[in-house]
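**Q** no sequence for this one, just the structure:
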């Protein structure tokens, strides 16, 4: 596995593969890898001839109250995992390599109707950081396809819109959420849960499943379903609910009567840990 630290190095490697007629799969990450990330690597491996994984903790997507410096950096352990999964190259640029002009950085901004809700409502500027870094990574790596996890559902929808709007020549793949045996969605944040909190955390998925089953049974009173789910998770022991909403799975807008693909999205707090989850509902 090649460890590449510069734009020139990653482009040179990709050009050699392309001359050999090989397709390139790409998995962008911020490191601190777990089984969920590795499932994305497996998808990329199945759909392409060569796989590049990037590890870059992106300062642009951290708000003023979010500690960029405290984000876990586990590069040596990550590298070992990627070698085991037969990744062909890991791209690990420095902040200076990624943003050579510092604050004089051109930003890629997605439509506010998609970024000003849910995660973006409480984290202004977050999605500008996401779209900017992913657009730059796509330009640097120039992959045929890139794999992202369903758990960050809004992020995928925003990036899909960006790719369409900017006519970027890359196919996005949304990989299903990987869950542990309790149903809890795997996340780097789970490491901060206490033993007692780990007993509570899977109940979020139970609440979302109840919404899914109700919708598939014909219940279209979406507001009522969300209110009931919020009451349920609070009684289950969660500390607060940022949102539980039912949205159109493509536009992230309030569903219309004839919409047939919905997403139930949720963000809750358990102690100091903020958990995200979602379920796709296809009717």
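**A** Yep, it's here. Quick caveat: nothing in here was measured; it's all calculated off a predicted structure.

**Q** Which residue ranges of the stretch 1-150 of the chain form strands?
**A** When secondary structure is read from DSSP state E, counting those that start in this stretch, the stretch 1-150 of the chain shows strands at 2-4, 24-29, 50-55, 89-91, 145-149.

**Q** So in that sheet, which strands flank the fourth one, and in what orientation?
**A** Which is strand 89-91. Applying DSSP bridges to the sheet, strand 89-91 is found paired with strand 2-4 (parallel), strand 50-55 (parallel).

**Q** What lies in contact with that strand?
**A** 1-5, 10, 13, 50-56, 78-79, 82, 137, 140-141 (C-beta atoms under 8 Å, 6 or more residues apart in numbering). Quick note: C-beta positions are derived from backbone N, CA and C, even for glycine.

**Q** mind redoing it with 10 Å?
**A** Applying C-beta atoms under 10 Å, 6 or more residues apart in numbering, the external contacts of strand 89-91 come out as 1-7, 9-10, 13-14, 17, 24, 26-29, 31, 50-56, 75, 78-79, 82-83, 97, 137, 140-141.

**Q** Low-confidence ranges, the stretch 151-283 of the chain, go.
**A** Across the stretch 151-283 of the chain, no stretch falls below the confidence threshold (pLDDT under 70).

**Q** So residue 174 belongs to a strand, correct?
**A** Yes. Secondary structure assignment places residue 174 in a strand (DSSP: H, G, I helix; E, B strand; the rest coil).

**Q** nearest spatial neighbour of residue 95, skipping sequence neighbours?
**A** residue 59 (6.2 Å; C-beta to C-beta, 6 or more residues apart in numbering).

**Q** and that neighbour, what does it touch?
**A** Contacts for residue 59 (C-beta under 10 Å, 6+ apart) come out as 68, 69, 71, 95, 98, 99, 129, 133.

**Q** likewise residue 187?
**A** 32, 34, 36, 149, 151-152, 177-178, 193, 201, 273-277 are the contacts of residue 187 under C-beta under 10 Å, 6+ apart.

**Q** Quick one: the strands of the stretch 1-150 of the chain as a markdown table, columns for mean pLDDT, mean neighbour count and distance to residue 116 too.
**A** A markdown table is the format used below for the strands of the stretch 1-150 of the chain (pLDDT from 0 to 100; neighbours: other C-beta atoms under 10 Å; distance: least, C-beta to C-beta, whole Å):
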| stretch | mean pLDDT | mean neighbour count | distance to residue 116 |
| --- | --- | --- | --- |
| strand 2-4 | 98 | 16 | 36 |
| strand 24-29 | 98 | 25 | 23 |
| strand 50-55 | 98 | 26 | 27 |
| strand 89-91 | 98 | 24 | 31 |
| strand 145-149 | 97 | 23 | 21 |
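
**Q** could I get these as JSON lines with distance to residue 158?
**A** Formatted as JSON lines, the strands of the stretch 1-150 of the chain follow (distance: least, C-beta to C-beta, whole Å):
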{"stretch": "strand 2-4", "distance to residue 158": "27"}
{"stretch": "strand 24-29", "distance to residue 158": "14"}
{"stretch": "strand 50-55", "distance to residue 158": "18"}
{"stretch": "strand 89-91", "distance to residue 158": "22"}
{"stretch": "strand 145-149", "distance to residue 158": "10"}
